[in-house]
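Student: Got a sequence here, can you build the structure:
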Amino acid sequence: MGNNHLISDKSTASSGWMNGFIGVLIFSGSLPATRVAVLDFNPVFLTVARATIAGLLALCVLLMLKERRPAKKDIFPLAIVSIGVVVGFPLLSALALQYVTAAHSIVFLGMLPLTTAIFGVIRGGERPRPAFWVCSVTGSMLVIGYAVAQGLSASPAGDILMLLAVILCGLGYAEGAKLSKTLGGWQVISWALVLSLPFMLPITWYLFPLTYTGITVPAWIGLAYVSIFSMLVGFIFWYRGLAQGGIAAVGQLQLLQPFFGLALAATLLHEQVSIGMLCITVGVILCVAGSKKFAK
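Tutor: Take a look at the predicted model:
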């Protein structure tokens, strides 16, 4: 009986890692797809449209499966998830990508596991070892140093927007991971999207383009990708992975996201990925891996 239980636990953990990996792989296409979409779409419209499309899909799924409504105590955490991953990160990253390339912005994703860990520490009341903060500060300084070193070729506005986007996303991840323990993995992002729908839908209608002239096929594909995959499907796999394999363990898969993103930016958008950019990304990932190790 004990061996069967052990095999079941290992199988669940393996499924968690696989689901988490698929989620990260889907998220890796978000910034390149956003970069393509903002060439033809207004960043604010892109933000509200992706949330509206994903919210309507989530509402249909929740109604079809007759999911129970969240308790009153879950509304505030769901609002934080909405602010972080439904509105904050999509809007700020879309605005940033008007100033910087997708490859440049992806470097900031190396800080995402760190911000998630920090908010997890704040919410959980843990006391990390001093080594955690050493890794944390070192990783942040690498990113800031890289941004400054770009000089006139980069945009301070774009860097600040990406930094704020990553901070809000980390908050949304941490809050969503905590809430998924009681509400359920895919239900968290679905209810967060539905919660934002009364605000997103009217704004989408108001900002909807009057004409389709000048909007290219790649821009429509980018909008479809960030709406369906980045905003909904990716989170279904991601939160399911966190629930099955553990938040701390599966959360480390975020460290792979900058690599996937840089590869997509170079392949699909033909953007130049310099050796220095790769080195900084690797350095940030090593720092975040260290901060994860010493977080407990």
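
Student: right, and Glu67 touches Leu183 too?
Tutor: No. The pair Glu67 / Leu183 is not scored as a contact, 9.6 Å apart, by C-beta atoms under 8 Å. In this view, the C-beta of every residue, glycine as well, is placed from N, C-alpha and C.

Student: who has more neighbours, these two?
Tutor: The neighbour count for Glu67 versus Leu183, taken as other C-beta atoms under 10 Å, is higher for Leu183 (22 against 15).

Student: what pLDDT does the more buried one get?
Tutor: As predicted, Leu183 sits at a pLDDT of 87.

Student: could you list every residue that touches it?
Tutor: Shown in contact with Leu183 (C-beta atoms under 8 Å, 6 or more residues apart in numbering): Pro70, Asp74, Trp191.

Student: mind running it again at 10 Å?
Tutor: Glu67, Arg68, Pro70, Ala71, Asp74, Pro77, Leu78, Gly176, Ser190, Trp191, Ala192, Tyr239 (C-beta atoms under 10 Å, 6 or more residues apart in numbering).

Student: Kindly report the same for Leu195.
Tutor: Gly55, Ala58, Pro70, Asp74, Ile75, Leu78, Ala79, Val81, Ser82, Val86.

Student: in what helix or strand does the fourth one lie?
Tutor: Counting by DSSP states H and E, the secondary-structure element that holds Asp74 is helix 72-81.

Student: For that helix, buried residues please.
Tutor: By neighbour count with 16 or more other C-beta atoms under 10 Å, helix 72-81 contains the buried residues Asp74, Pro77, Leu78, Ile80, Val81.

Student: Over to stretch 51-61?
Tutor: By neighbour count on 16+ other C-beta under 10 Å, the buried set for stretch 51-61 is Ala51, Thr52, Ile53, Ala54, Gly55, Leu56, Leu57, Ala58, Val61.
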